[in-house]
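Peer 1: here is the input, now give the coordinates:
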Amino acid sequence: MRDDMLVAFAGDQEFESADIFFCSEPVLFCAFFNDTSKATLGYFGVFIQGYLVPDDVPMFHRTLRALVELPRNTFLFSSAQLSQETHWYTGIRFGVITPTSLYTGSVGTWSPAGANARRILINNRLGGFQPDRVLNEFIGRY
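Peer 2: Below you'll find the model as predicted:
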């Protein structure tokens, strides 16, 4: 599939003039550009081994490590959980940039009672719990 993709792009003016390739999901697609001289920026929001059959996982981990070791490439996750899971399975540490936006309500603010001047920016999309409730319970203990 990789070779077919590179053949399809051969001679494409925009492909040839691109400085950076952006890849996301499936992560495997990021490996398509491993042998080019172009920088790759990967931003992932799914399990790194998603879409792979079990027999392909060890080779993919080696390919991923080769991609990460190239200084021109940058790879990030959209959640700390995915980054930590990937570190657990691959031994590779990745940065995290969570998607946030005020207009969708994915970011909010919280402040403990009596501390109106200080507000904490929180991500409202933390799975499994409501961050404002957890913070209120925590502050209530002290």
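Peer 1: what helices or strands is the longest helix anywhere in the chain leaning on?
Peer 2: In the chain, taking DSSP state H as the definition, the longest helix is helix 57-69. Here helix 57-69 touches helix 80-90, going by 3 or more C-beta pairs under 8 Å, 6 or more residues apart in numbering; DSSP states H and E. In this view, the C-beta of every residue, glycine as well, is placed from N, C-alpha and C.
Peer 1: ok, longest strand in this structure?
Peer 2: For the chain, the strand that runs over the most residues, judged by DSSP state E, is strand 39-44.
Peer 1: quick one: pLDDT of Leu64?
Peer 2: The model reports Leu64 with a pLDDT of 90.
Peer 1: check the gap between it and Tyr89 for me.
Peer 2: In this view, Leu64 and Tyr89 are 10 Å apart by C-beta to C-beta, to the nearest Å.
Peer 1: comparing these two, which residue is more hemmed in?
Peer 2: Set side by side, Leu64 and Tyr89 show unequal neighbour counts under other C-beta atoms under 10 Å, the larger going to Leu64 at 23 against 13.
Peer 1: what about the chain, any weak spots by pLDDT?
Peer 2: Scanning the chain for pLDDT under 70 picks out the ranges 1-2, 34-35, 100-142.
Peer 1: in it, which spans are strands?
Peer 2: Counting by DSSP E, the strands of the chain are 20-23, 39-44, 74-77, 95-96, 107-110, 120-123.
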